[in-house]
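Q: from the sequence below, what's the structure:
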Amino acid sequence: MRLRPLLFALAAVAWSWCAEAQTEGGDPGAVALDHFQAELQRQCPDKELQLLSARDLRDGLDDYEDSLAPDAHNQMQAAEQTRCSISDAGAACVNLADLVAADQAGSIDDVARAICTSFLRCREQGVCDYAR
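A: Next comes the predicted model:
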């Protein structure tokens, strides 16, 4: 009986289980980004909005944030300040903070809907057409 293939298979299963556990229970930013990308793909797959630049996504998230009730708006701003306390953190950090806050609030589908509405489509990375 050869134990080496069996041990290799068990190690592969353990590694994949560990990677899955880290994604689901690990970094909230990675989880929120995965949920957001999945919602974009579900709600507006033909628009290719995964190609949005950080700046364009920031514009869409700002519009979404401005449409929120004051309490929800304040929660998103607090998340931005907490997660991106360094002044030069940039749009990508603020975007991720907003996505984490929305995911934790259970409104990532609303965020994706707003982004789908804000943009017509992306032709390539960072080359996207606004709906306005």
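Q: contact partners for Asp129?
A: When contacts are counted by C-beta atoms under 8 Å, 6 or more residues apart in numbering, Asp129 touches 119-123. Quick note: C-beta positions are derived from backbone N, CA and C, even for glycine.
Q: rerun that using 10 Å as the cut-off
A: Asp129 makes contact with 47, 56, 119-123, according to C-beta atoms under 10 Å, 6 or more residues apart in numbering.
Q: if any of those are buried, put those into a PyMOL selection.
A: A single PyMOL command is used to select the members of those judged buried by 16 or more other C-beta atoms under 10 Å:
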select buried, resi 47+56+119+122
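Q: tabulate the contacts of Asp129 (JSON lines), appending secondary structure.
A: Converted to JSON lines, those look like this (DSSP: H, G, I helix; E, B strand; the rest coil):
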{"residue": "Lys47", "secondary structure": "helix"}
{"residue": "Asp56", "secondary structure": "helix"}
{"residue": "Phe119", "secondary structure": "strand"}
{"residue": "Leu120", "secondary structure": "strand"}
{"residue": "Arg121", "secondary structure": "strand"}
{"residue": "Cys122", "secondary structure": "strand"}
{"residue": "Arg123", "secondary structure": "strand"}
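Q: can you put the contacts of Asp129 in TSV and add pLDDT and distance to Asp110?
A: As requested, the contacts of Asp129 are arranged in TSV below (pLDDT from 0 to 100; distance: C-beta to C-beta, whole Å):
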residue	pLDDT	distance to Asp110
Lys47	96	17
Asp56	95	19
Phe119	96	16
Leu120	95	20
Arg121	95	21
Cys122	95	21
Arg123	94	26
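Q: after the lowest-mean-pLDDT helix or strand in the chain, which helix or strand is next?
A: Using mean pLDDT, DSSP states H and E, the weakest-scoring helix or strand in the chain turns out to be helix 3-25, at a mean of 43. Past helix 3-25, further along toward the C-terminus, the next helix or strand under DSSP states H and E is helix 28-43.
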